[in-house]
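Asks: structure here, sequence nowhere to be found:
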């Protein structure tokens, strides 16, 4: 029986990291654990020319994580990363796309897309290419940062880009995982103090990767990546029909 193949395109909150970067982790590296986690083969993605591409093969699925830190829809494409991914996509595969963290970064011209440009790029290049391969695009809104208002509610991050993604999904009848909303609601539920346990908030001398400590409210530790991957897996299984 052919295994379900799932490709991931995204940024630092999705990518697979090297051990030296611990405890930073993207949810894409934890997703396989919700699909036969006790039986997995992890290797460099076959056919990819990029070192960060990692494939997780279980008895039922192949999850091919091509996400890379600091990339937006624009830079992911301009660097040839999208071309590198889409050439390996076949009929019936699933391609998850999460972005916004870097697309909204006006200070970096090589990354920035306005919300309207973001929607157009997503529609014409990414979704268009996936559909032309007979594959299934799955749009994923960007995870929430640890960003609380005065009422102790975690804000949805990059709302303008989330709106564009939802709008496109509705217009084209595409599958969408509203990870931004779900992670914001989860953060609100557990509270700001508990969120320090899932984001990269590190005390001095805790890890070799951050000996001076770190206050990073955007990126995830292993714990956060695992929880957020669970949100993706639950919705993805509904889309696939498991």
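Replies: Looks like it arrived, so ask away. Given the structure is predicted, the values throughout are model-derived calculations rather than measurements.
Asks: quick check: phi and psi on residue 122?
Replies: phi -60, psi -40 (degrees, to the nearest 10).
Asks: okay, it: pLDDT?
Replies: Listed pLDDT for residue 122 reads 98.
Asks: who does residue 57 bridge with?
Replies: Using DSSP bridges, the bridge partners assigned to residue 57 are residue 41, residue 62.
Asks: quick one: residues contacting it.
Replies: With contact taken as CB atoms under 8 Å, 6 or more residues apart in numbering, residue 57 is in contact with 3, 40, 41, 42, 43, 63. (C-beta placed from N, C-alpha, C; glycine too.)
Asks: show me where this structure has strands.
Replies: For the chain, strands defined by DSSP state E occupy the ranges 4-9, 40-44, 54-58, 61-65, 94-99, 136-141, 175-177, 199-202, 214-220.
Asks: looking at those, spot the one closest to residue 27.
Replies: strand 214-220 (6.9 Å; CB to CB).
Asks: partners of the closest one, with directions?
Replies: If you go by DSSP bridges, strand 214-220 pairs up with strand 199-202 (antiparallel).
Asks: chain center to the partner strand, what's the gap?
Replies: Counting by CA atoms, centre = their mean, to the nearest Å, strand 199-202 is centred 18 Å from the centre of its parent chain.
Asks: which residues touch it?
Replies: 23-24, 145-146, 210, 213-221, 224.
Asks: list buried residues within those.
Replies: 23, 24, 145, 146, 210, 214, 217, 218, 219, 220, 221, 224 (16 or more other CB atoms under 10 Å).
Asks: picking that back up, top of the contacts of residue 57 by neighbour count?
Replies: Counting neighbours by other CB atoms under 10 Å, residue 63 comes out on top of the contacts of residue 57 with 28 neighbours.
Asks: quick check, pLDDT for it.
Replies: 98.
Asks: pretty sure it contacts residue 31?
Replies: Yes: Residue 63 lies in contact with residue 31 (CB atoms under 8 Å); the separation is 5.5 Å.
Asks: where do the helices sit along the chain?
Replies: With DSSP state H as the criterion, the chain has helices at 73-78, 81-86, 115-121, 128-132, 159-172, 179-190, 192-195, 222-240.
Asks: I'd like those helices laid out as CSV, including distance to residue 100.
Replies: Putting those into CSV (distance: least, CB to CB, whole Å) gives the following:
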stretch, distance to residue 100
helix 73-78, 9
helix 81-86, 16
helix 115-121, 8
helix 128-132, 18
helix 159-172, 4
helix 179-190, 8
helix 192-195, 19
helix 222-240, 15
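Asks: roughly how far apart are the closest residue to residue 200 other than its chain neighbours and residue 198?
Replies: Excluding its sequence neighbours, the residue lying closest to residue 200 (CB to CB, 6 or more residues apart in numbering) is residue 216, at 3.6 Å. As judged by CB to CB, to the nearest Å, residue 216 and residue 198 stand 11 Å apart.
Asks: what of residue 232?
Replies: When distance is defined by CB to CB, residue 232 is 15 Å away from residue 198.
Asks: what does residue 236 give?
Replies: In terms of CB to CB, residue 236 sits 20 Å off from residue 198.
Asks: thanks a lot, see you next time.
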